[in-house]
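S.K.: quick one, structure for this:
(2 chains)
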Number of protein chains: 2
Amino acid sequence: MPAQYEANAQLSSQVASLIGRVSQKLMACGTMLATAESCTGGLAAAHCTEVSGSSAWFVGGVVAYANGVKEQVLGVPGAVLAAHGAVSGPVVEAMARGVCRVTGAGVGVAVSGVAGPTGGSVEKPVGTVWVAAVMAGEQERVLVQRFVFAGNRGQVREQAVQAMLEMVEAVLG
Amino acid sequence: MPAQYEANAQLSSQVASLIGRVSQKLMACGTMLATAESCTGGLAAAHCTEVSGSSAWFVGGVVAYANGVKEQVLGVPGAVLAAHGAVSGPVVEAMARGVCRVTGAGVGVAVSGVAGPTGGSVEKPVGTVWVAAVMAGEQERVLVQRFVFAGNRGQVREQAVQAMLEMVEAVLG
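M.R.: Residues are numbered from 1 along each chain as shown, chains lettered A, B, ... in the order given. Modelled structure (predicted):
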């Protein structure tokens, strides 16, 4: 049965078709997706669950906005946060592994970035976003990538969600 | 400093002004908000974090779409889920308490409902949504309420988010 979409202006056609492909692949693999979000603050999960029937492939997620939530709920080591900062490859990788562990999902995708308009630095300007996708199990696959998106806060967040879904598609092979 | 809003078509003016009031109250109380979402799937957290500066009052949340996540991450007792069903007062109350416990937030708000278009029953028709708001601490306050919203999946979810924010405002007193 194909996923059903409600008419919804919030879901761009590009993200909608990505979600369609990702959900088909997840169901074909018999596995479930979980999200761990910092800068997108739940937007990726919200988009996934706009689709009726998403409970067949989406298990849930953690909005780890504060670093304390990254540590306490997702198990990101404080030393990794201190060494690399919240917006870094090692942190998103730990978030993705953590969300698989705590939710039991087979695939986890995590994001951390500087959505702006404040919070940027020379090293990590506004628009810097790290994404990690992990396929848990015996043959673990991990993809970690850095992006620098243009646009305002909302546009950076939407592009980050699209990148998350593209990396889930890639890690599913 | 007032909360800054980006131009964003996704945030209705009603929800935006609710978020403005709630964030002012939270900062005045020196406390933080966390969300525990089932049917809204992260939409409440996404709306809260559309606002730049939300890290001053929003700590994060859990998207507990599957019942396993309600149990394993939020600590909702399996017996409560079995006795009342996921869409019930006792479950959202346990979700709200759970998200305070795991994130360390002072105020937790939880939602579980039937967003549709499928999943309705005679007892719990499409649009049935339970919301709980908890203010943790020595003088704990708990509000639990049932709503039945009209509209499609997207409309039910948006009304649920609005109800969540109104109940946070109410529990803050």
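S.K.: and the longest helix along chain A, which residues are buried?
M.R.: Longest helix in chain A, counting residues (DSSP state H): helix A:153-172. Neighbour counts over helix A:153-172 (16 or more other Cβ atoms under 10 Å in any protein chain shown) mark A:153-169, A:171-172 as buried. The C-beta positions use only the backbone N, C-alpha and C, and glycine is treated the same way.
S.K.: can you sort out which of these also neighbour chain B?
M.R.: On the criterion Cβ under 8 Å from any Cβ of the partner chain, A:R153, A:G154, A:R157 are the entries of the buried residues of helix A:153-172 that sit beside chain B.
S.K.: tell me if stretch A:34-54 is near chain B.
M.R.: Yes: judged by Cβ under 8 Å from any Cβ, stretch A:34-54 comes into contact with chain B through A:35, A:37, A:40-46, A:48-50, A:52-54.
S.K.: farthest-apart pair in these, please.
M.R.: A:G41 and A:G53 (24.2 Å; Cβ to Cβ).
S.K.: more neighbours: the two, which one.
M.R.: Just comparing A:G41 and A:G53: by other Cβ atoms under 10 Å in any protein chain shown the higher neighbour count belongs to A:G41, 30 against 17.
S.K.: hang on, isn't the more buried one packed against B:S52?
M.R.: No: applying Cβ atoms under 8 Å, one finds A:G41 not in contact with B:S52, separated by 11.2 Å.
S.K.: and the longest helix of chain A, what does it pack against?
M.R.: Here helix A:153-172 touches helix A:13-29, helix A:43-48, strand A:107-113, strand A:128-135, strand A:141-148, going by 3 or more Cβ pairs under 8 Å, 6 or more residues apart in numbering or on different chains; DSSP states H and E.
S.K.: just put these in a markdown table and tack on mean pLDDT.
M.R.: Output for those, formatted as a markdown table (pLDDT from 0 to 100):
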| stretch | mean pLDDT |
| --- | --- |
| helix A:13-29 | 95 |
| helix A:43-48 | 97 |
| strand A:107-113 | 98 |
| strand A:128-135 | 98 |
| strand A:141-148 | 98 |
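S.K.: looking at these, which is closest to B:E138?
M.R.: Comparing these by Cβ to Cβ, helix A:43-48 comes nearest, at 33.0 Å.
S.K.: which strands and helices sit next to that closest one?
M.R.: helix A:13-29, strand A:33-37, strand A:58-63, helix A:153-172, helix B:43-48.
S.K.: and these: which comes nearest A:A82?
M.R.: Among the helices and strands packed on helix A:43-48, strand A:33-37 comes nearest to A:A82, with 18.9 Å by Cβ to Cβ.
S.K.: so what touches the closest one?
M.R.: A:22, A:26, A:43-45, A:48, A:57-64, A:74, A:92, A:95-96, A:98-100, A:103, A:105-111, A:164, A:168, B:42, B:63 (Cβ atoms under 8 Å, 6 or more residues apart in numbering or on different chains).
S.K.: so how far is chain B from A:T31?
M.R.: A:T31 is 13 Å from chain B, where distance means Cβ to the nearest Cβ, to the nearest Å.
S.K.: so what's the residue count around the closest residue to that residue other than its chain neighbours?
M.R.: Excluding its sequence neighbours, the residue lying closest to A:T31 (Cβ to Cβ, 6 or more residues apart in numbering or on different chains) is A:G106, at 3.3 Å. Neighbourhood size, A:G106 [other Cβ under 10 Å]: 19.
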